[in-house]
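Asks: kindly generate the corresponding structure for this input.
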Amino acid sequence: MALKSSSADGRTRSSIQIFIVVGLCCFFYILGAWQRSGFGKADNLAMEITKSTGDCNVIPNLNFETHHGGDAGSSDDSDSKPKTFQPCHSRFTDYTPCQDQKRAMTFPRENMIYRERHCPPQEEKLHCLIPAPQGYVTPFPWPKSRDYVPFANAPYKSLTVEKAIQNWVQYEGNVFRFPGGGTQFPQGADKYIDQLASVLPFTNGTVRTALDTGCGVASLGAYLWSRNVITMSFAPRDSHEAQVQFALERGVPAVIGVFGSVKLPYPSRAFDMAHCSRCLIPWGANDGMYLMEVDRVLRPGGYWVLSGPPINWKNNYISWQRPKEELQEEQRKIEETAKLLCWDKKYEKGEMAIWQKRVNADSCRARQDDSRATFCKSADVDDVWYKKMEACITPYSDSGSSDEVAGGALKVFPERLYAIPPRVASGSIPGVSVETYQDYNNEWKKHVNAYKKINKLIDSGRYRNIMDMNAGLGGFAAALESPKLWVMNVVPTIAERSTLGVIYERGLIGIYHDWCEAFSTYPRTYDLIHASGVFSLYRDKCDMEDILLEMDRLLRPEGAVIFRDEVDVLVKVRKMVGGMKWDTKMVDHEDGPLVPEKILVAVKQYWVGNSTSAQ
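Replies: Numbers count the residues shown, from 1 in each chain. This is a model prediction of the structure:
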């Protein structure tokens, strides 16, 4: 009996030990999963979201394809009914809140102040959905869109009359055709670029980023893209009707903007080339202030191209119908300012002149003793949002020797896309080391691969104009890099770090912006919007509703949005967009359902406005 009892006790102890081991294994597994999820925050909520959305790796009820068949299906069910946003009146079809024509006329005309950003106060903001015009259709895929735009999407014919002999745009049936002409290149942008290429190193990737001021319909940018040069084009709101709108309908990067009284929303040392072709900017005015602003955004060794008046004024003043004395004085001022900036004239032929900025301060010692040289005192040359433009010279960054490029030399493109940017290598971006930068890029490659599994139309040509609302170091855009698309990298003015300079050093483009205000573009100008951490960043800064309504204004019918944020934030977003004619689905983070960061994907339904809509 004693032996029997001892055997039973042994079996009991063995069972208890096994139970303890299994329990410890489960405990440590759960603990590890909790730690991997970040902070353990909102795990219960994350699991509930996973349950409520079914299989979070598949999106069976979202249709990314275009169909133009009216309203799509309803959004996911919700416990409480979301607020329903009504369509705005059809007169707001092309509404640009911060460049509204009626508001603009109340501001001074000097220095183009009336054409600058003047946003409505909170009580005047629209709280309705901007409608598409009757007959609106999805733009043609690139490269057909470069040459053809559906008439219904921007039904304005004035440019076909005003610029008929200059080959800007022609109306043909139900489409506009863009032959690639311009005021200074009536024979076509390609031939004009061939002339530039005799001086500028387009073919080897040295010139990658360009700025086109007073861009018209952005034919220069459209044709530079085939040479692997990405161009930020800008022009005022309706100086010529719908020019920036046409540019974006063509699939060319562009924003509404002007040389006026405030600094351009770009970082210093951003562009490899700046260009003006009959852009009507008074370069000699205000003590050379506008050329000094070009100098700020131009990379050391970069080029400035001026095509048109006053170049070669002696032979053209009669055809330009301007007094030769006026043109002569204008050119004198330009040449004088260029000399003060230490730009070397590399080329002048016909009506085109090209200058090159020197690579460092050592190569420009003469101006240090020039009494006319006033240097900017601001320590942060990238602090530009609503800052007044000044007639001062931006100092060069330090360089180690007389032959080194100030701020650091760049690799040619595409090598520079993943090379270590000089701003990172120098440690000038707080908290970003070479190692963290490389880890960051690997992380975004993983994120973008996950997006492509969710939406298989990414990089298919369906999405041409893409916006990243909180671009960081440009990881999303770099991982997407393709000749089929371009990304407008937005760095919020309230972001923890000013990283837009890094984005340009990678050979990408972008702009500073505050999402408490409307973006400087027309409605329906982006096919895909990426919003990573935007609503966490702007929590308690401004109204989520205003930001979402602005996203709706920017997004084309049947365009898509990818939100990446904490799950509790996305629950609020999903509920709000449920009343905005968007279809949505929540998706797990790539690392699994226990990670509190989730992905919310959305598709804007196809609908058009009518004159009986609200407001």
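Asks: pull out the buried positions in stretch 181-194.
Replies: Along stretch 181-194, these residues count as buried under the neighbour rule (16 or more other Cβ atoms under 10 Å): 181, 182, 183, 184, 185, 186, 188, 189, 192, 193. Glycine gets a C-beta too; all of them are placed from N, C-alpha and C.
Asks: right, I mislabeled it, should have said stretch 259-277
Replies: For stretch 259-277, a neighbour-count test (16+ other Cβ under 10 Å) marks 259-260, 262-277 as buried.
Asks: pLDDT averaged over that stretch, what's the number?
Replies: Stretch 259-277 comes out with an average pLDDT of 98.
Asks: after the worst-scoring helix or strand of the chain on mean pLDDT comes which helix or strand?
Replies: Within the chain, confidence by mean pLDDT, DSSP states H and E is lowest for helix 43-52 among all helices and strands, at a mean of 36. Going down the chain from helix 43-52, the next helix or strand is helix 101-104, by DSSP states H and E.
Asks: mind listing which of the buried residues of stretch 259-277 are in helices?
Replies: Residues of the buried residues of stretch 259-277 located in helices (DSSP state H): none.
Asks: okay, and which of the residues you listed map to strands?
Replies: Among the buried residues of stretch 259-277, the subset assigned to strands under DSSP state E consists of 271, 272, 273, 274, 275, 276, 277.
Asks: which residues touch the residue lying closest to the fifth one once chain neighbours are set aside?
Replies: The shortest distance from residue 275 to any non-neighbouring residue, by Cβ to Cβ, 6 or more residues apart in numbering, is to residue 305 (4.5 Å). By Cβ atoms under 8 Å, 6 or more residues apart in numbering, the contact list for residue 305 reads 196, 200, 273, 274, 275, 276, 277, 352, 353, 354.
Asks: of those residues, closest to residue 610?
Replies: Closest to residue 610 out of these is residue 277 (40.1 Å), distances taken as Cβ to Cβ.
Asks: residues contacting that closest one?
Replies: Contact partners of residue 277, counting by Cβ under 8 Å, 6+ apart, are 182, 183, 184, 185, 212, 214, 216, 220, 305, 307, 308.
Asks: hmm, 6 Å instead?
Replies: 184, 307, 308 (Cβ atoms under 6 Å, 6 or more residues apart in numbering).
Asks: in TSV: the residues you listed, plus secondary structure, pLDDT and distance to residue 296.
Replies: Below are the contacts of residue 277 laid out as TSV (DSSP: H, G, I helix; E, B strand; the rest coil; pLDDT from 0 to 100; distance: Cβ to Cβ, whole Å):
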residue	secondary structure	pLDDT	distance to residue 296
184	coil	85	25
307	strand	96	21
308	coil	94	23
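Asks: Serialize these to a markdown table and add fields for distance to residue 547.
Replies: Formatted as a markdown table, those follow (distance: Cβ to Cβ, whole Å):
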| residue | distance to residue 547 |
| --- | --- |
| 184 | 40 |
| 307 | 39 |
| 308 | 40 |
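Asks: related to what we said a few turns ago, turn the contacts of residue 305 into a markdown table, columns for distance to residue 93.
Replies: Formatted as a markdown table, the contacts of residue 305 follow (distance: Cβ to Cβ, whole Å):
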| residue | distance to residue 93 |
| --- | --- |
| 196 | 37 |
| 200 | 39 |
| 273 | 35 |
| 274 | 33 |
| 275 | 31 |
| 276 | 31 |
| 277 | 30 |
| 352 | 39 |
| 353 | 41 |
| 354 | 41 |
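Asks: quick one, helices of the stretch 251-400 of the chain?
Replies: Using DSSP state H, counting those that start in this stretch, the helices found in the stretch 251-400 of the chain span residues 289-297, 313-320, 324-340.
Asks: weakest of those in terms of mean pLDDT?
Replies: Lowest mean pLDDT within these: helix 313-320, a mean of 90.
Asks: show me what counts as buried in it.
Replies: 313, 316, 317, 320.
Asks: with stretch 593-610 instead?
Replies: Within stretch 593-610, the residues scored as buried using 16+ other Cβ under 10 Å are 593-609.
Asks: just the ones of those residues in strands?
Replies: Secondary structure from DSSP E places 597, 598, 599, 600, 601, 602, 603, 604 of these in strands.
Asks: if anything else comes up later, I'll come back, but that's it for now.
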